[in-house]
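Undergrad: Pasted the sequence and its predicted model underneath.
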Protein chains: 2
Amino acid sequence: MTRGKAECEVAPVFQAYNRVLAEDIISDVDIPPVSVSHFDGYAVRAEDVFQASVNNPVLLKVVGGIYLGEEFSGEVNVGEAAYISTGANLPVGANAVVPVELARDKGDFIEVRRRVKPYENVIPAGADVKRGETIFKVGHVLRAQDVKFLVDVKKWRVKVFKKPVVAIVSVGSELTSRIEEADKRKFNSHGEMISILVGEAGGVPVNLGVAPDDVNAVKRLLKKGLEKADILVTVGSASVGEKDCVLEAVKQLGSSKVLVRGVKVQPGRVTSLTVAGGKPIVMLPGHVQSTLVGFYFILLPLMRRMAGHPSPFPFTALKARMSRKILVKEFASFVRVRFVNVTEAEGSFIAEPIMGDSSLTSVVVKANGFIIIPEGKEVIEKGEFVNVHLVNGLFPLT
Amino acid sequence: MTRGKAECEVAPVFQAYNRVLAEDIISDVDIPPVSVSHFDGYAVRAEDVFQASVNNPVLLKVVGGIYLGEEFSGEVNVGEAAYISTGANLPVGANAVVPVELARDKGDFIEVRRRVKPYENVIPAGADVKRGETIFKVGHVLRAQDVKFLVDVKKWRVKVFKKPVVAIVSVGSELTSRIEEADKRKFNSHGEMISILVGEAGGVPVNLGVAPDDVNAVKRLLKKGLEKADILVTVGSASVGEKDCVLEAVKQLGSSKVLVRGVKVQPGRVTSLTVAGGKPIVMLPGHVQSTLVGFYFILLPLMRRMAGHPSPFPFTALKARMSRKILVKEFASFVRVRFVNVTEAEGSFIAEPIMGDSSLTSVVVKANGFIIIPEGKEVIEKGEFVNVHLVNGLFPLT
């Protein structure tokens, strides 16, 4: 899959946090540019203190001080030392540093009672990064320390992938986007939820609100979405009931063929995917657990691909043991998702299944992760290891 | 520890994502308010189809249709059924739903060939949440589904903890905040990094820029910070060198006693904490790994406490095996932090230690987590299990 529109843009490094790099970053500089002291101490010639010990202290003449942010034009000759701050450039002649704690102040001299080796307590030029070295590859998601590193190598602007704009249309005559009407109708809470998840997945959500179960009304909102968004999402009215009109609406918008009509995952099995006007349209079911599973299996990887992420799904970090046996005989030829609450006990993780109908929000509120059960598996034993999936915004690291 | 200033504020629910609740949330309503159908199908009296089977199909008269968002005033009497949409209210008289796939359309009648039990395919009133039930407790961090649930129970405004404002002052005569000067001086990249981490930890960062190694200059910026921030952070110049002036500056600002002067953790051991003008001042060391460790052990838990988080540190989700033996004999009486890169191989996680001087940014750029080694431990064996710590912004879930 490739992105349809212009794929990338240039961002100032100070706004590049959490963006996905669209270029390899190669350093043009050495960091540090010259060798620097690792401690506050004295820049010396290692040869001068090679014989230094408690029984054989060596006296060196202090010829100056080298401070951060100040020029120092002197040098260190045989029998000499210069005070040096942490991070300051090593002066000409010196090749090691005696930390301040290991030098005794004797007026114009210092007494050194321990040898230092050449380059001891010194960070050599290029130790952090060398000119010509690749520091990040395309697809890398920039973290706090990465932004710092880009600043250090003076990359003030970087090429990043554009964030996909995702328009969200909730479908259902029972819904409203107006608080004043929330006594009689259900407020469109799914739109809020999906907007947050889209934002956390690296997209820009555009919540277009509610369309009633009417083909023309759905079409009108979807058209609005097609103008501004890279991906369209509908929530609800995706199944086979009398009034489900989303499929008819996308057909009239030019989707000649539904690419994915239902997925073999439960809940969420009526999730569908098509293309109209050159843009993907993801149709999510309305029962909240189905909505979330559809989001995870279809919308999330689609967005990550468009946003330049190298992997379709987030890293699954958490392994836990099931607190009790569960039967998963229904839809055994499907992949099944079950929500769990993981707690830590004596250094290991225990996953307690949270059961309940797919329409119940309380289940996903009580959960802090989910497990994916492969096709064919009908039982998970008590104590069995499971991979628990976490997702930003839904089941975050807290 | 209690927060000094006003602790909480009221936020519209649509802006409450990722905020920490400052109140318990108790539902005033039942969800669903009345029993609803779980499928598109026919609302029936379970008694009428109690004997239904393939050999004994039962005919029911269809007396109407109940659609979402439309009023229905009819009822279902003996021998009758009504079409019903998923999520629509069960009509008077009916107590179960026959899914549309299991009913044969016979004009004005349907033929049912399978029994349904009372309340089968029905979500009873209050199944998701009951009036009077506590759905969230103080300290809960609101996720996407939690915002949805708050909307569902019509909590349009919620009490949340204020985000602590954190002012950041970088100290060092070698530093600049001006790109034009970045040829001669180091750009203040630490300030950027800490700002991002503060934001991800639930705070509001205020990057006050750079003060040279001069007591009055440091004092001037810290005073500015005291006016607007809940917490002050200095980065750099925290150790015992000739020009380190942060301690003198905080003393002159009224800190009678440094509360924490160095911590038994390496790197980061010169991290300090004091109070001036009624506000905590965290002094972080300048070597990047030390800065990050000081952030994790002192600033992060302080911020989380002020922000209302129930736990001082993030959940440690990831257990891995060390890829090779490492010696950690230095500072063995301290807690030690080592950065690692975790990869997955054959379903288990392997942690490769990333070694390098504490001033090297490349180490934390190559890492995707860290381990904490307890006091006294001098060796980690190849294959030994370690807990890998992740932190939003630094080592996120990706």
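TA: That came through fine.

Undergrad: What is the neighbour count of the residue nearest to residue A:289 when sequence neighbours are not counted?
TA: Nearest residue to residue A:289, sequence neighbours excluded (C-beta to C-beta, 6 or more residues apart in numbering or on different chains): residue A:358, at 4.1 Å. Bear in mind the C-beta positions are built from the backbone N, C-alpha and C, glycine included. Residue A:358 is flanked by 22 other residues according to other C-beta atoms under 10 Å in any protein chain shown.

Undergrad: Could you tell me whether residue A:358 really is in a strand?
TA: No - using DSSP: H, G, I helix; E, B strand; the rest coil, the assignment for residue A:358 is coil, not a strand.

Undergrad: the helices in chain A, which residues?
TA: In chain A, the segments counted as helices under DSSP state H are A:144-152, A:189-200, A:215-228, A:246-252, A:288-294, A:300-306, A:361-366.

Undergrad: Mean pLDDT, distance to residue B:97 and mean neighbour count for these - can I get that in TSV?
TA: Listed next are these as TSV, based on pLDDT from 0 to 100; distance: least, C-beta to C-beta, whole Å; neighbours: other C-beta atoms under 10 Å in any protein chain shown:
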stretch	mean pLDDT	distance to residue B:97	mean neighbour count
helix A:144-152	98	52	25
helix A:189-200	97	22	25
helix A:215-228	95	25	17
helix A:246-252	91	22	20
helix A:288-294	97	17	28
helix A:300-306	95	32	21
helix A:361-366	98	20	22
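
Undergrad: and those helices as TSV, adding distance to residue B:291?
TA: Converted to TSV, the helices of chain A look like this (distance: least, C-beta to C-beta, whole Å):
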stretch	distance to residue B:291
helix A:144-152	9
helix A:189-200	27
helix A:215-228	42
helix A:246-252	51
helix A:288-294	38
helix A:300-306	31
helix A:361-366	37
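
Undergrad: Residue B:85: which of those helices is closest?
TA: helix A:246-252 (13.8 Å; C-beta to C-beta).

Undergrad: Need the contact partners of that closest one.
TA: Residues outside helix A:246-252 that contact it (C-beta atoms under 8 Å, 6 or more residues apart in numbering or on different chains): A:171, A:215-216, A:218-219, A:222, A:234, A:236-238, A:258, A:272, A:274, A:276, A:281, A:283.

Undergrad: residues from the stretch 151-300 of chain A in reach of chain B?
TA: Within the stretch 151-300 of chain A, the positions near chain B by C-beta under 8 Å from any C-beta of the partner chain are A:151-152, A:154, A:156, A:172-175, A:179, A:182, A:185-187, A:189-190, A:192-194, A:196-197, A:200, A:212-213, A:239-244, A:286-288, A:292.

Undergrad: tell me which parts of the stretch 1-150 of chain A are close to chain B?
TA: Neighbours of chain B within the stretch 1-150 of chain A, by C-beta under 8 Å from any C-beta: A:14, A:17, A:31, A:38, A:40, A:65, A:67-70, A:83, A:85-88, A:100-101, A:123, A:127-129, A:135-136, A:141, A:143-149.

Undergrad: what about the strands in the stretch 251-398 of chain A?
TA: Secondary structure of the stretch 251-398 of chain A (DSSP state E, counting those that start in this stretch): strands located at A:260-261, A:265-266, A:272-276, A:279-284, A:318-322, A:326-327, A:335-345, A:348-353, A:369-373, A:379-380, A:385-388.

Undergrad: if we can go back for a sec, so which of the residues of the stretch 1-150 of chain A next to chain B are in strands?
TA: Cross-referencing these against strands under DSSP state E gives A:65, A:83, A:123, A:135-136.

Undergrad: Any chance of a markdown table for those residues, columns neighbour count and pLDDT?
TA: Below are these laid out as a markdown table (neighbours: other C-beta atoms under 10 Å in any protein chain shown; pLDDT from 0 to 100):
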| residue | neighbour count | pLDDT |
| --- | --- | --- |
| A:65 | 17 | 93 |
| A:83 | 23 | 94 |
| A:123 | 25 | 93 |
| A:135 | 23 | 97 |
| A:136 | 20 | 98 |
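
Undergrad: Can you add distance to residue B:300 and give the residues you listed back as TSV?
TA: Formatted as TSV, those follow (distance: C-beta to C-beta, whole Å):
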residue	distance to residue B:300
A:65	36
A:83	35
A:123	27
A:135	26
A:136	25
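
Undergrad: Among the residues you listed, pick out the one closest to chain B, please.
TA: The closest of these to chain B turns out to be residue A:123 (C-beta to the nearest C-beta; 5.7 Å).

Undergrad: Might one say that that closest one is in contact with residue B:356?
TA: No - if you go by C-beta atoms under 8 Å, residue A:123 and residue B:356 don't touch, sitting 9.9 Å apart.

Undergrad: anything in contact with each of the two?
TA: Shared contacts of residue A:123 and residue B:356 (C-beta under 8 Å, 6+ apart): none.

Undergrad: hey, which of the strands of the stretch 251-398 of chain A is tucked in deepest?
TA: Greatest average neighbour count among these goes to strand A:279-284 (a mean of 25), per mean count of other C-beta atoms under 10 Å in any protein chain shown.

Undergrad: Could you list the low-pLDDT ranges of the stretch 151-300 of chain A?
TA: For the stretch 151-300 of chain A, residues meeting the criterion pLDDT under 70 lie at A:238-244.

Undergrad: pretty sure residue A:292 contacts residue A:394?
TA: Yes - when contacts are counted by C-beta under 8 Å, residue A:292 is listed as touching residue A:394 (6.6 Å).

Undergrad: shared neighbours of these two, anything?
TA: Jointly contacting residue A:292 and residue A:394 under the rule C-beta under 8 Å, 6+ apart are A:364, B:145.

Undergrad: Residue A:237 touches residue A:213, doesn't it?
TA: Yes - counting by C-beta under 8 Å, residue A:237 does reach residue A:213; the two are 5.8 Å apart.

Undergrad: Those two: who's more crowded?
TA: It is residue A:237, of residue A:237 and residue A:213, that has more neighbours when counted by other C-beta under 10 Å, with 28 against 24.

Undergrad: Pull the number of nearby residues for residue A:257.
TA: Residue A:257 sits with 8 neighbouring residues when counted by other C-beta under 10 Å.

Undergrad: which residues touch the nearest residue to it once chain neighbours are set aside?
TA: Counting by C-beta to C-beta, 6+ apart, the nearest residue to residue A:257 once its immediate chain neighbours are dropped is residue A:274, at 7.3 Å. By C-beta under 8 Å, 6+ apart, residue A:274 lies in contact with A:250, A:255, A:257-260, A:280-281, A:283.

Undergrad: out of these, which one sits closest to chain B?
TA: residue A:283 (14.8 Å).

Undergrad: what is that closest one paired to in the beta sheet?
TA: Beta-bridge partners for residue A:283, by DSSP bridges, are residue A:234, residue A:272.

Undergrad: if I look at it, how far off is residue A:211?
TA: 13 Å (C-beta to C-beta, to the nearest Å).

Undergrad: Next: residue A:155.
TA: Going from residue A:155 to residue A:211 by C-beta to C-beta gives 45 Å.

Undergrad: And the two? Which one has more around it.
TA: Set side by side, residue A:155 and residue A:211 show more neighbours around residue A:211, with 26 against 21, by other C-beta under 10 Å.

Undergrad: Tell me who's in contact with that one.
TA: With contact taken as C-beta under 8 Å, 6+ apart, residue A:211 is in contact with A:169-171, A:217-218, A:220-221.

Undergrad: Can you name the residues bridging to it?
TA: In this entry, residue A:211 is beta-bridged to residue A:171, by DSSP bridges.

Undergrad: Kindly report the same for residue A:109.
TA: Bridge pairing for residue A:109 (DSSP bridges) gives the partners residue A:61, residue A:106.
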